[in-house]
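Asks: got a predicted structure here, sequence first:
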Amino acid sequence: KIKERKQATKKSRLEALSSYLPQILLEDIVAMKISSQDEPERKDFLAAVMFADISGYTSLTENLAKQGPKGAEELTLCLEPYFTEMINLINDHGGDIVKFAGDALIVLWKCDRTDDTASANLSLEEKTMAAVKCGHVLKERLHNYETAEGCYL
């Protein structure tokens, strides 16, 4: 029972972390591949990568900045539903968000590990198509997206 309790505790901790960490890092945590070194580590793998940013973000922030603290609150109200929809669409297409940078996201579609070159290439092609489809859906659904009254991105 102690072992079962420890596994349940570990699982609940990982579930709590899953909202804050990319899947690729969670996989290493589960596999206990995370080192205690302070130095960065390099990881080689095949993946399709998508960079997505919000069209109209700069002009929106500049206009809202003129309003002072009220503008900052308005910015949050505008961005929250947009990012929520964006994240949901990316997750629905199997993407793993690895980085937020202001109004931009970096998303991975990691290929399965294989020593067979033909399988690796097919996997990369499939992941690339998933990324392209996701990009099209993001553009379709989020172009001129009204996040709040009169706030379009």
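Replies: Noted; the coordinates are in hand. As the structure is a computational prediction, the values presented were derived from the model and not from experiment.

Asks: C-alpha only now, for contacts and for neighbours.
Replies: Noted.

Asks: give me the most central residue, the chain.
Replies: In the chain, the residue lying closest to the centroid (CA atoms, centre = their mean) is I97, at 1.8 Å.

Asks: what's the nearest residue to that residue if we skip its chain neighbours?
Replies: Leaving aside its chain neighbours, I97 sits nearest to V107 (4.3 Å; criterion: CA to CA, 6 or more residues apart in numbering).

Asks: that neighbour against G94, yeah?
Replies: No - judged on CA atoms under 8 Å, V107 makes no contact with G94 at a distance of 9.7 Å.

Asks: higher neighbour count, those two?
Replies: Ranked by neighbour count (other CA atoms under 10 Å), V107 and G94 place V107 first, with 23 against 17.

Asks: pretty sure that one sits in a strand.
Replies: Yes - applying DSSP: H, G, I helix; E, B strand; the rest coil, one finds V107 inside a strand.

Asks: what about it, distance to T117?
Replies: According to CA to CA, to the nearest Å, V107 stands 24 Å off from T117.

Asks: please identify the longest helix in the protein, counting by residues.
Replies: Counting residues, the longest helix found in the chain (DSSP state H) is helix 117-142.

Asks: tell me what that one is packed against?
Replies: Contact here means 3 or more CA pairs under 8 Å, 6 or more residues apart in numbering; DSSP states H and E; on that basis helix 117-142 packs against strand 47-53, helix 69-92, strand 104-110.
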